[in-house]
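Please find the sequence and the predicted model below.
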Amino acid sequence: QVQLVESGGGLVQAGGSLRPSCAASGRTFSNYAMGWFRQAPGKEREFVAAISRSGVTTSYADSVKGRFSISRDNAKNTVSLQMNSLKAEDTAVYYCAASSRLSSSTYARHYEYWGQGTQVTVSS
């Protein structure tokens with residue numbers, strides 16, 4: 001089992017920045033690709049960003065490319081999402097997830113473990 005706990009969400013004005021983080025425990029963190037997903041009220045959960053086990057390979061949804069950056073620290077068992085130039089449409093609950101697949105994925109069904117989520121609210 002892998003336990004994931006997100007933190008660092010909050011309320012920010014449009015154009016501002018936030019950096020939610022996710023702390024992992026339970027199994028060897030570097031054996032898992034990690035992803036961030038989000039879900040806004042009344043909408044389906046959507047992919048935001050993913051990072052490979054080593055941290056070398058990253059991928060982003062088109063809607064956040066150039067504004068968000070995912071990173072991980074395998075020594076500290078954490079993954080973070082630097083969010084800049086935030087927009088009102090970025091408002092959602094953000095979830096981190098862990099996948100035992102060899103490569104990171106944009107599909108939620110490829111992730112076995114999920115955190116409880118952290119709320120990000122961007123006021124316009």
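That came through, no problem.

Skip the chain neighbours and tell me the closest residue to residue 117.
residue 93 (4.2 Å; CB to CB, 6 or more residues apart in numbering). The way it works is simple: take the backbone N, C-alpha and C, and place the C-beta from them, glycine included.

gap between that neighbour and residue 43?
For residue 93, the distance to residue 43 equals 11 Å [CB to CB, to the nearest Å].

what residue ranges in the protein score low on pLDDT?
Within the chain, no stretch has pLDDT under 70.

What helix or strand is the residue nearest in space to the middle of it located in?
Centroid-nearest residue in the chain: residue 36, 2.3 Å away (criterion: CA atoms, centre = their mean). Secondary structure assignment for residue 36, by DSSP states H and E: strand 33-39.

got the CA coordinates for the helix or strand containing the residue nearest to residue 117 in PDB?
With elements taken from DSSP H and E, the one containing residue 93 is strand 92-99. The C-alpha trace of strand 92-99 is given here as PDB (Å, rounded to 0.1, in the frame of the first residue of the first chain):
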ATOM      1  CA  ALA A  92     -10.700  22.400  -8.400                       C
ATOM      2  CA  VAL A  93      -9.800  19.700  -5.900                       C
ATOM      3  CA  TYR A  94      -6.300  18.500  -6.800                       C
ATOM      4  CA  TYR A  95      -5.300  14.900  -6.300                       C
ATOM      5  CA  CYS A  96      -2.000  13.200  -6.400                       C
ATOM      6  CA  ALA A  97      -1.800   9.600  -7.500                       C
ATOM      7  CA  ALA A  98       0.800   6.800  -7.800                       C
ATOM      8  CA  SER A  99       1.200   4.300 -10.500                       C
END
